[in-house]
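1. A structural model of the following input is requested.
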Amino acid sequence: MNTPLIEVRHLHRRFGSSERPVRAVDDVSFSIQPGETLGLVGESGSGKSTIGRSLLRLIEPSEGEVVYRGEPLGRASAARMRQLRSRLQMIFQDPYASLNPRMRIAEILAEPLRTHGLARGPGERARRIAELLTLVGLRPEHAQRHPHEFSGGQRQRIGIARALAAEPEFIVADEPLSALDVSIQAQVVNLLCELRERFQLTLLFISHDLDVVEYLCDRVVVLYLGRVMEVAPTRELFARPLHPYTRALLAASPRPDPEQPPLRQVLKGDIPSPLDPPSGCVFRTGCPQAIAACAAERPPLLTMASGRQVACIRTELMGEGGDGDTA
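-> Alright, predicted model coming up:
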């Protein structure tokens, strides 16, 4: 396997007071290979967006580190981070809030070009802006409009163009479809697929839409209350989820294939508060397969015989043994 482009090592992010912290991200580790699209899924409050922003140092981790091409970003100076930001970009969730309403589209797209020295002079910038708009399915003359003159789907295309302007190799796409009409979502997904192939992009795709994740992503990380429950290739995870929470998450999503039997998994109780998570496995209070030992200690993220990773002590229910390695 290639050297990872991105490595997340024992990432923690706490909010609130030191006496009663909210553990938004609690010891999360994973890696992303060059050219891979990694899906990050979980319910609201699972820590998905916090992880995405931490990867780009838009939020500083409380502990742990993010490594880009072998370089720990937490140790990078402000000057070095300015250099790296051309390679590490983000597509934001809300296309209405992420674009400055006072600026024309030409100004929005020119900003990263000037910041990273990618287009010198007005003529070169204008040419590059026209290219970017064409890339995302808009017209060059749209550059003179303001954001309010566009639909939500068009604004998200502009947000994608802004991310591409810096010529990145890694993009965090943070719920880029959630604010869009269903009829527009497929168009944006297809655009992301085209751009990924054209520019050999590496993506972290954060979403609660499991159908899109199944279509777009190579591997999936499943989160619950800030912890990793399972990591697996997409096809394997959807065909045979191992962790009880993954089964419950997939069971709550509509099954488009009528010949595929529905997953049977019933959740117990409400999602615990991140202010006071359960001891041991944080999912145990909602898990129908929990036993007393699940409360005693936090399950490590075990690597199974197939190479998949799962944080559950009840490996006898999964039909494959662990090799003892932990993330």
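
2. which residues sit against the helix or strand residue 8 falls within?
-> Applying DSSP states H and E as the criterion places residue 8 in strand 6-15. Outside strand 6-15, the residues that touch it by C-beta atoms under 8 Å, 6 or more residues apart in numbering are 21-32, 47, 50-51, 54-55, 59, 61-68, 170, 202, 204, 226. (Glycine included, C-beta is placed from N, CA and C.)

3. next one: stretch 80-88
-> Applying C-beta under 8 Å, 6+ apart, the contact partners of stretch 80-88 are 55-57, 68, 71, 73, 76, 112, 115-116, 118, 166-172.

4. hmm, back to that, need the buried ones from the contacts of strand 6-15 selected in ChimeraX.
-> Entered in ChimeraX, the line below selects the buried ones among the contacts of strand 6-15, by 16 or more other C-beta atoms under 10 Å:
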select :22,23,24,25,26,27,28,29,30,31,32,47,50,51,54,55,59,61,62,64,66,67,68,170,202,204,226
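
5. how far away from the center of its chain is whichever helix in the chain runs longest?
-> Ranked by residue count and defined by DSSP state H, the top helix of the chain is helix 182-199. Relative to its parent chain, helix 182-199 has a centroid offset of 16 Å by C-alpha atoms, centre = their mean, to the nearest Å.

6. average model confidence for that helix?
-> Helix 182-199 shows a mean pLDDT of 94.

7. low-confidence ranges, the stretch 1-150 of the chain, go.
-> Across the stretch 1-150 of the chain, the ranges flagged by pLDDT under 70 are 1.

8. what about the strands in it?
-> Assigned by DSSP state E, counting those that start in this stretch, the strands in the stretch 1-150 of the chain fall at 6-15, 22-32, 37-41, 63-68, 71-72, 88-91.

9. so what's the closest residue to residue 106 other than its chain neighbours up against?
-> Nearest non-adjacent residue to residue 106, counting by C-beta to C-beta, 6 or more residues apart in numbering: residue 143, 3.9 Å away. For residue 143, the contacting residues are 104, 105, 106, 109, 126, 129, 130, 133, by C-beta under 8 Å, 6+ apart.

10. what about the helices in the stretch 201-327 of the chain?
-> For the stretch 201-327 of the chain, applying DSSP state H, counting those that start in this stretch gives helices covering 210-216, 234-239, 244-251.

11. enumerate the positions of the longest one that are buried.
-> Same thing as helix 244-251. 244, 245, 246, 247, 248, 249, 250.

12. so the last one sits against residue 240, correct?
-> No: when contacts are counted by C-beta atoms under 8 Å, residue 250 is not listed as touching residue 240 (10.2 Å).

13. low-scoring stretches of the stretch 151-300 of the chain, by residue?
-> Scanning the stretch 151-300 of the chain for pLDDT under 70 picks out 254-269.

14. quick check: the residue nearest the centre of the chain vs residue 212, distance?
-> Computing the C-alpha centroid of the chain and ranking residues by C-alpha atoms, centre = their mean puts residue 206 first, at 3.0 Å. Residue 206 is 11 Å from residue 212, where distance means C-beta to C-beta, to the nearest Å.

15. shared neighbours of those two, anything?
-> Between them, residue 206 and residue 212 share no contacting residue, judged by C-beta under 8 Å, 6+ apart.

16. mind splitting this protein into its structural domains?
-> Per the record, the chain has its domains at 96-159, 245-326, by automatic domain parsing.

17. residue furthest from the geometric center of this structure?
-> Residue farthest from the centre of the chain, counting by C-alpha atoms, centre = their mean, is residue 123 at 35.9 Å.

18. show me the contacts for that one.
-> So residue 123 contacts nothing (C-beta under 8 Å, 6+ apart).
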